[in-house]
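# how would this look folded up:
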Amino acid sequence: MADALRITAPPNLPSLVRTAFSRAAANGDLTYYQTQVAILTPGSIPPFQLRFSPSLASKPKNTKPQQPKDKPAAPFNPFADPDPALLIARLPQPATHTLVLNKFAIVPGHFILITNDFKPQTHLLEADDLEAAYACIRAYREDAAQRKATVTSGGGNGGGGEEEERGSDLFVFFNSGPFSGASQPHRHLQLLPIQNMKVGLPPSSAPTSMTASSSSSSDPQGPAGSDEWTPLIDSLHPDSAQEEESATTISRRRRCPFEIFSTPITPQMSAQERHAAYIQLYRRACAAVQAFKSPPQQTQKLPPPPPPPRQAESPAESLAAAGEEAQISYNLAMTSSVLALCPRLAEGSVIYDDARGGTGDGSGDRPIIGKIELNGTVLAGTALVKSQAEWDAVRKNPGLLLSVLEKIGIPTQDARPIPTTRELSL
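Below is the predicted model of the structure:
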């Protein structure tokens with residue numbers, strides 16, 4: 001049956017984004033913050049990106065002109081009337097969303113999907129929000145397939161096959177609630193080309209070092225890929241076709257310090273089916289937060305196990321839930337094959353000086369180094385620090401990052417082996 005709600009993105013979307021980003025960066029309409037990057041393996045979780053940009057300290061807090069004191073100003077909404085210099089495209093019928101560049105970018109080609117009409121960031125997403133985001137994912141995947149076919153027909157070897165297509169995927173994330181890293185009240189989802197999230201990472205064949213070295217990138221259009229890092233949520237369902245678990249499952253319980261609810265998705269799903277999957281993940285997350293916060297029957301360090309999966313949401317149920325005020329803070333993330341939701345209990349945590357090489361859990365009277373705050377990119381396996389002291393401390397002791405990850409959501413059991421650092425340099 002044909003999908004009743006089908007939104008399309010421009011077929012040349014990757015080219016539109018690249019062109020708009022280059023032009024806006026050259027004209028000073030956006031700021032691209034170059035970063036240094038290290039790959040950490042704190043605990044048993046997969047390789048985690050740590051990025052640092054000294055220039056972030058000077059990022060403006062508010063770009064709205066000062067209002068007269070006798071005229072109270074409404075909160076500045078950069079999405080109410082988007083800057084034409086940042087405009088990428090207005091999605092066609094139904095004309096509900098627009099694509100704009102992120103004015104302050106750490107990843108090249110970072111763009112944002114906004115609702116044309118004001119809708120609260122704290123309300124549950126609607127089916128057209130997810131469908132518009134997935135339309136962008138489709139456009140990137142189809143562009144990669146077309147380029148591969150062109151190379152093949154021209155006598156080339158077709159590039160990197162499936163690996164090239166995966167690298168051409170988009171990572172979509174959504175921050176909702178006070179503990180999620182959300183910064184704007186106007187509903188928006190953020191989209192990052194995964195290949196560009198590898199900017200600064202050398203190829204996997206590059207030498208590794210345990211010394212305090214790092215890599216940086218000054219070419220916003222020339223990412224250096226690495227096989228060492230892939231988005232965290234892509235490993236939640238590595239072979240969903242052969243999963244024996246429930247289609248909606250809590251994944252990576254043994255490898256991630258916070259609970260993630262996830263489910264495989266496919267391009268063949270309808271917009272209503274994809275939205276129903278999101279609502280189910282959200283409701284399971286709400287139940288898990290409630291169970292975690294409930295007074296325990298007996299003293300225990302670990303939260304009670306989350307409730308079993310409820311019956312799949314019907315499209316009618318999910319549409320009825322759309323637009324409700326969310327009961328929890330959470331991050332949502334999506335690629336072409338995985339939809340994941342992480343309930344959030346804290347935006348981040350302070351890290352402490354730990355000259356003795358411990359875990360940095362804040363015990364004792366050690367001085368505070370800084371505070372690490374995380375948004376939805378944590379589901380990609382990335383973290384950002386904003387000071388030299390934080391950058392130096394976390395690279396030296398990846399356990400500091402692990403201690404933050406353990407505090408942002410519902411904690412999971414973790415064997416906490418001795419953390420190691422693997423820093424890669426060009």
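# Now do the one helix or strand residue 129 maps to: which elements does it pack against?
Here residue 129, judged by DSSP states H and E, is contained in helix 127-153. If you count contacts as 3 or more C-beta pairs under 8 Å, 6 or more residues apart in numbering; DSSP states H and E, helix 127-153 packs onto helix 13-27, strand 97-101, strand 111-115, helix 161-167, strand 170-176, strand 188-193, helix 271-293, strand 329-334. Backbone N, C-alpha and C define where each C-beta goes, glycine included.
# Lowest mean pLDDT across the ones you listed, which one is that?
Of all the helices and strands packed on helix 127-153, mean pLDDT reaches its minimum on helix 161-167 (a mean of 48).
# and residue 184, how many neighbours?
Around residue 184 there are 15 other residues, counting by other C-beta atoms under 10 Å.
# Backbone dihedrals for it, please?
Dihedral angles of residue 184 (phi, psi; degrees, to the nearest 10) stand at phi -130, psi 140.
# Tell me which residues touch it, please.
By C-beta atoms under 8 Å, 6 or more residues apart in numbering, residue 184 lies in contact with 77-79, 121.
# hey, which helix or strand in the chain has the poorest pLDDT?
Least confident helix or strand, the chain: strand 208-209 with a mean of 30, by mean pLDDT, DSSP states H and E.
# measure stretch 119-126 end to end?
10 Å (C-alpha to C-alpha, to the nearest Å).
# And it, what's buried?
Within stretch 119-126, the residues that count as buried by 16 or more other C-beta atoms under 10 Å are 119, 121-122, 124-126.
# Likewise for stretch 14-27?
For stretch 14-27, by 16+ other C-beta under 10 Å, it's 14, 16-18, 20-21, 24-25.
# Of these, which is the nearest to residue 352?
Closest approach between the buried residues of stretch 14-27 and residue 352, by C-beta to C-beta: residue 25, at 37.3 Å.
# what is the mean pLDDT for stretch 46-65?
Mean predicted confidence for stretch 46-65 is 75.
# For the buried residues of stretch 119-126, which two are the farthest from each other?
Longest span within the buried residues of stretch 119-126, C-beta to C-beta: 122 and 126, 13.5 Å.
# just curious, which of the buried residues of stretch 119-126 is nearest to residue 45?
For the buried residues of stretch 119-126, the nearest to residue 45 is residue 125 (27.1 Å; C-beta to C-beta).
# phi, psi of that closest one?
Dihedral angles (degrees, to the nearest 10) for residue 125: phi -60, psi 150.
# can you list the helices and strands packed on helix 127-153 in TSV and add distance to residue 404?
TSV is the format used below for these (distance: least, C-beta to C-beta, whole Å):
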stretch	distance to residue 404
helix 13-27	30
strand 97-101	29
strand 111-115	26
helix 161-167	28
strand 170-176	17
strand 188-193	21
helix 271-293	18
strand 329-334	15
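# Nearest to residue 402 among those would be which one?
That would be strand 329-334 among the helices and strands packed on helix 127-153, by C-beta to C-beta, at 18.2 Å.
# name the helices or strands packed onto that closest one?
Against strand 329-334 (3+ C-beta pairs under 8 Å, 6+ apart) you get helix 127-153, strand 170-176, helix 271-293, strand 338-344.
# So what touches the last one?
In other words, strand 338-344. With C-beta under 8 Å, 6+ apart, strand 338-344 has contacts from 177, 179-180, 233-234, 236-237, 251, 258-265, 274, 277-278, 281-282, 285-286, 288-289, 328-334, 378-379, 408-410.
# Name the next helix or strand following it along the chain.
Past strand 338-344, the next helix or strand by DSSP H and E is strand 348-352.
# okay, and for the stretch 251-400 of the chain, where does confidence drop off?
251-254, 295-320, 322, 354-364 (pLDDT under 70).
# same thing but at 90, please
Flagging of the stretch 251-400 of the chain using pLDDT under 90 yields the residue ranges 251-257, 294-323, 353-366.
# What about residue 267, how many residues nearby?
Neighbours of residue 267 (other C-beta under 10 Å): 12.
# Next: the one 5 residues further on.
The burial metric for residue 272, expressed as a neighbour count using other C-beta under 10 Å, is 20.
# Just to check, it is in contact with residue 128?
No. Using C-beta atoms under 8 Å, residue 272 is not in contact with residue 128; the gap is 10.5 Å.
# overlap in contacts of those two?
What both residue 272 and residue 128 touch, as defined by C-beta under 8 Å, 6+ apart, is the set residue 5.
# Any idea what residue 98 is bridged to?
Note on residue 98: beta-bridge partners by DSSP bridges are residue 90, residue 114.
# residues near it, how many?
With other C-beta under 10 Å as criterion, residue 98 counts 19.
# What of residue 412?
18.
# Tell me the spacing between it and residue 328.
To residue 328, residue 412 is 17 Å away according to C-beta to C-beta, to the nearest Å.
# With residue 396 instead?
Counting by C-beta to C-beta - residue 396 and residue 328 are separated by 34 Å.
# what do you get for residue 108?
32 Å.
# The two - which one has more neighbours?
residue 108 (24 against 18).
# where does that one land in three-state SS?
coil (DSSP: H, G, I helix; E, B strand; the rest coil).
# right, and it touches residue 195 too?
No. If you go by C-beta under 8 Å, residue 108 and residue 195 don't touch, sitting 9.5 Å apart.
# Could you count how many residues lie near residue 104?
14.
# Quick one, grab the pLDDT at it.
95.
# Quick check: pLDDT value at the spatially closest residue to it that is not a sequence neighbour.
Leaving aside its chain neighbours, residue 104 sits nearest to residue 31 (5.4 Å; criterion: C-beta to C-beta, 6 or more residues apart in numbering). Per-residue pLDDT puts residue 31 at 95.
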